[in-house]
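K.L.:
I would like to see how this sequence folds:
(chains A, B, C and D)
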2 protein chains.
Amino acid sequence: MDRESIDRVRRFNRTVGERIGVLHDHFLGTDRPVGEARLLWEIGEEGRDVRRLRDRLGLDSGYVSRLLRSLERDGLVTVEPQTHDRRVRTVRLTAAGRKERAVLDRRSDELAELILTSLNEKQRTRLTAAMEEVDRLLTAGTVSVEQLDPGHPDSAACLRAYFAELGERFEGGFDAALSAVPDAGVLGPPHGVFVVARLHGEPVGCGGIHLDGDEPPYIKRMWVAKSARGLGLGRRLLAELEGYAVRSGARTVRLETNSALREAMALYRSAGYEEVPAFNDEHYAHHWFEKRLDDGAATA
Amino acid sequence: MDRESIDRVRRFNRTVGERIGVLHDHFLGTDRPVGEARLLWEIGEEGRDVRRLRDRLGLDSGYVSRLLRSLERDGLVTVEPQTHDRRVRTVRLTAAGRKERAVLDRRSDELAELILTSLNEKQRTRLTAAMEEVDRLLTAGTVSVEQLDPGHPDSAACLRAYFAELGERFEGGFDAALSAVPDAGVLGPPHGVFVVARLHGEPVGCGGIHLDGDEPPYIKRMWVAKSARGLGLGRRLLAELEGYAVRSGARTVRLETNSALREAMALYRSAGYEEVPAFNDEHYAHHWFEKRLDDGAATA
DNA sequence: TCCATTCTCTGACTTTAGTCAGAGAATGGA
DNA sequence: TCCATTCTCTGACTAAAGTCAGAGAATGGA
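P.N.:
Numbers count the residues shown, from 1 in each chain, chains lettered A, B, ... in the order given. Below is the predicted model:
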């Protein structure tokens, strides 16, 4: 890692820490301890399970429990067992809680305004653009990609979301039964892998590859959640799958797609895929692609 | 302030707070409480007065004192009265203190590396560029500009630095005695104003304007410290002075400059100044400029 | 010389933040 | 039905962070 980049990041950390970090705590934590305020915020309008709160904030279970008791005493939240599993308890904001949270929301706005206010129009535009870029790239850095069984709940969640999206985007909807590959069996081991990307613990993308004897391996079910687009995640998943193909000794890799999925096609093209004649009769496919792997471009 | 910009900033605050703020404390405060670590860091290689430490970190005097006692007990710092004023005390790092501070330094590097490490080359370049931009603009927002007497210590510091820089940049050096305007008298009230820009309390830029009866007002001694360039500060100082000229009823404003000062000339041109024939016999001037103020462009 | 002011320090506090061990209810499978 | 496991909670802690009211030494004018 070069010295210059490191110094750049350090200077950034310092400026931002001073200008935002300090202000942040002073702003948000005026009438309520930061711990409680963070919790109140994290509960959200919809309510949340206690264990999810714990995970998200990375706090000890006893500590969270105590914080919740305190918020409950002030009449800001109610805590009730879930109906399905009465061990798990769900926290919900009361009307008073919502009000408090709205105050935090307002404060957060004020902090943002404070930062923008001393700049002119042009500088503001540049600042927000740069912030977006930093935001995107920092977020991209926290996305983890993991091999998972296609039957794992997170895999299933991705596939459900994927199919739902296809249903919306394809003219005439989408019916998984008409599509060629039955996922669970074929994309998992031993004849392939399925990878899932997670952001803050939430599954936000997936993709699978199937290897079958002498046939070139075959990529399917590539998907990235709307909330995680623009992070280069598609490219990363693709690279992951291609890497697997390379390690398995494959020389080419194939995939097919529907013309409604424009971003996907753009991604494949820019990743080195070239359109080829149909190599199967997938019901929803309009375009078939192939990529040669033996030129070391799998990591691109 | 538009909703979109505010949301952008809020999202940024959130991401950065999670990714940097949290990591920062976990990193730096492992074997020593954060308070002590921050203090140790802020003392710096040169040493610092206790009251400056307090101001900079915004802490209670009793608290700082206690922290210092603790660092002293561990043999990391020494605290001694200043020679001039024995009420104020100066903190200095011992050899052991320096060592401990170097550890913090190293940690700060590691944190930066951690952020960069999950990105590829291209993303890294983009991230550091965007960080620089955010850094610059956030810093620009904290620069304050104030009218000051040209004799004020901060004004004097700026002028000294300005002359020193001219001495370096002009062929044959610079001698204030050969230059037209004797600053102190003419740029201050009642016949003009002198403005000084400060960043974190340090003077980092200045400029003065002189009004003399029916003659167009005349801008001189525009300077921005090297450390504060790229913040749009020159433009801001210029606008400040032009504003003053407008309020005084002036229709045009004049200035002259030396051809060694390329950035200054570029600034004047882009701010609407046009080159005119010499209107005085300033010894160091090569170019003379004038700007009409009656088109409302003074704030540009 | 006196007196208000400045600066740092100490003692006596409070509040936050967080850890750890274990209790008790609910659940899921053997 | 039994038993291991999961989830949340309580009690009993500790350490860090910070506040407040003075005390005592220096200092700078009047």
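
K.L.:
Contacts for stretch A:256-268 next, please.
P.N.:
Contact partners of stretch A:256-268, identified using CB atoms under 8 Å, 6 or more residues apart in numbering or on different chains, comprise A:166, A:169-171, A:222, A:229, A:234-235, A:238, A:255, A:278-280, A:282, A:284-289, A:291. Backbone N, C-alpha and C define where each C-beta goes, glycine included.

K.L.:
quick one: average pLDDT of that stretch?
P.N.:
Taken as a whole, stretch A:256-268 carries a mean pLDDT of 86.

K.L.:
What's the end-to-end length of it?
P.N.:
Distance across stretch A:256-268, first residue to last, is 10 Å (CA to CA, to the nearest Å).

K.L.:
remind me which residues of chain A are low pLDDT?
P.N.:
Counting by pLDDT under 70, chain A contains low-confidence ranges at A:25-26, A:28-30, A:176-185, A:188, A:295-300.

K.L.:
Next one: the residue of it positioned farthest from its centre from residue A:96, what distance?
P.N.:
Among the C-alpha atoms of chain A, the one most distant from their mean position (CA atoms, centre = their mean) is that of residue A:73, at 35.5 Å. For residue A:73, the distance to residue A:96 equals 12 Å [CB to CB, to the nearest Å].

K.L.:
mind giving me the domain ranges of chain A?
P.N.:
A:3-118, A:144-299 (automatic domain parsing).

K.L.:
and the shortest one, how far from the chain's centre?
P.N.:
Here domain A:3-118 is found 20 Å from its chain centre; the criterion is CA atoms, centre = their mean, to the nearest Å.

K.L.:
give me every residue that touches the nearest residue to residue A:252 once chain neighbours are set aside.
P.N.:
Leaving aside its sequence neighbours, residue A:252 sits nearest to residue A:216 (CB to CB, 6 or more residues apart in numbering or on different chains; 4.5 Å). Applying CB under 8 Å, 6+ apart to residue A:216 gives the contacts A:250, A:251, A:252, A:253, A:254, A:290.

K.L.:
and with 10 Å instead?
P.N.:
Applying CB atoms under 10 Å, 6 or more residues apart in numbering or on different chains, we find residue A:216 in contact with A:245, A:250, A:251, A:252, A:253, A:254, A:255, A:279, A:290, A:291, A:292, A:293.

K.L.:
Now it, what are its backbone angles?
P.N.:
Dihedral angles of residue A:216 (phi, psi; degrees, to the nearest 10) stand at phi -60, psi 150.

K.L.:
State the distance from it to DNA strand D.
P.N.:
Separation of residue A:216 from DNA strand D (CB to the nearest atom of the strand, to the nearest Å): 41 Å.

K.L.:
Over to residue A:246?
P.N.:
The gap separating residue A:246 from DNA strand D is 37 Å, by CB to the nearest atom of the strand.

K.L.:
hang on, that residue is in a strand, isn't it?
P.N.:
No - Residue A:246: not assigned to a strand; according to DSSP: H, G, I helix; E, B strand; the rest coil it is helix.

K.L.:
Hmm, residue A:211 and it touching each other?
P.N.:
No - assessed by CB atoms under 10 Å, residue A:246 is found out of contact with residue A:211, at 11.6 Å.

K.L.:
Show me which of these two is the more surrounded one.
P.N.:
residue A:211 (20 against 17; other CB atoms under 10 Å in any protein chain shown).

K.L.:
Where does that one sit: helix, strand or coil?
P.N.:
strand.

K.L.:
residues contacting it?
P.N.:
Taking CB under 10 Å, 6+ apart, we find residue A:211 in contact with A:186, A:190-193, A:217-218, A:244-245, A:248-250, A:253.

K.L.:
Filter those residues down to the buried ones and hand me the ChimeraX line.
P.N.:
Command for ChimeraX that selects the buried part of the contacts of residue A:211, burial taken from 16 or more other CB atoms under 10 Å in any protein chain shown:
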select /A:186,192,193,217,218,244,245,250,253
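
K.L.:
Okay, and which of the contacts of residue A:211 map to helices?
P.N.:
A:186, A:244, A:245 (DSSP state H).

K.L.:
can you pull the contacts of residue A:72?
P.N.:
Contact partners of residue A:72, counting by CB under 10 Å, 6+ apart, are A:78, A:79, A:91, A:94, A:97.

K.L.:
for residue A:126, same thing?
P.N.:
Counting by CB under 10 Å, 6+ apart, residue A:126 touches A:119, B:133, B:134, B:136, B:137, B:232.

K.L.:
what's the neighbour count on the first one?
P.N.:
By that I understand residue A:119. 19.

K.L.:
wait, doesn't it sit right on residue B:139?
P.N.:
No - checked against CB under 10 Å, the pair residue A:119 and residue B:139 is beyond contact range at 11.1 Å.

K.L.:
which neighbours do residue A:246 and residue A:211 share?
P.N.:
Shared contacts of residue A:246 and residue A:211 (CB under 10 Å, 6+ apart): A:217, A:253.

K.L.:
Any chance of the backbone angles for residue A:149?
P.N.:
Residue torsions, per degrees, to the nearest 10, at residue A:149 are phi -70, psi 140.

K.L.:
how much space between it and DNA strand D?
P.N.:
Distance of residue A:149 to DNA strand D, given as CB to the nearest atom of the strand: 18 Å.

K.L.:
in whichever strand or helix holds residue A:91, what's buried?
P.N.:
With secondary structure defined by DSSP states H and E, residue A:91 is part of strand A:89-93. Within strand A:89-93, the residues that count as buried by 16+ other CB under 10 Å are A:90, A:91, A:92, A:93.

K.L.:
Repeat that for stretch A:227-246.
P.N.:
Within stretch A:227-246, the residues scored as buried using 16+ other CB under 10 Å are A:228, A:231-234, A:236-242, A:244-246.

K.L.:
quick check, nearest of these to DNA strand D?
P.N.:
For these, the minimum distance to DNA strand D (CB to the nearest atom of the strand) is 25.4 Å, reached by residue A:228.

K.L.:
I'd guessed the closest one sits against residue A:139; true?
P.N.:
Yes - taking CB under 10 Å as the definition, residue A:228 is a contact partner of residue A:139 at 8.1 Å.

K.L.:
any residues in contact with both of those two?
P.N.:
Common contact partners of residue A:228 and residue A:139 (CB under 10 Å, 6+ apart): residue A:199.

K.L.:
and the closest residue to residue A:114 other than its chain neighbours, backbone torsions?
P.N.:
Leaving aside its chain neighbours, residue A:114 sits nearest to residue A:23 (7.0 Å; criterion: CB to CB, 6+ apart). When read as degrees, to the nearest 10, the backbone of residue A:23 gives phi -60, psi -40.

K.L.:
For chain A, what lies in contact range of DNA strand D?
P.N.:
Proximity of chain A to DNA strand D (CB under 7 Å from any atom of the strand) is limited to residues A:49-51, A:54, A:61-62, A:64-66, A:68-69, A:79, A:85, A:87-89.

K.L.:
near DNA strand C, which of those residues show up?
P.N.:
Taking CB under 7 Å from any atom of the strand as the test, DNA strand C is in contact with A:61, A:62, A:66, A:85, A:87 out of the residues of chain A next to DNA strand D.

K.L.:
neighbours around residue A:22, how many?
P.N.:
Around residue A:22 there are 13 other residues, counting by other CB under 10 Å.

K.L.:
how close does it sit to DNA strand C?
P.N.:
Distance from residue A:22 to DNA strand C, counting by CB to the nearest atom of the strand: 14 Å.

K.L.:
do the same with residue A:260
P.N.:
As for residue A:260, its distance to DNA strand C is 39 Å (criterion: CB to the nearest atom of the strand).

K.L.:
and what of residue A:86?
P.N.:
Counting by CB to the nearest atom of the strand, the gap from residue A:86 to DNA strand C is 3 Å.

K.L.:
Can you tell me the SS state at that residue?
P.N.:
What three-state DSSP gives for residue A:86 is coil.

K.L.:
May I have the phi/psi pair for the single nearest residue of the stretch 51-200 of chain A relative to DNA strand C?
P.N.:
The stretch 51-200 of chain A approaches DNA strand C most closely through residue A:62 (2.7 Å), counting by CB to the nearest atom of the strand. Torsion angles at residue A:62 (phi, psi; degrees, to the nearest 10) stand at phi -60, psi -40.
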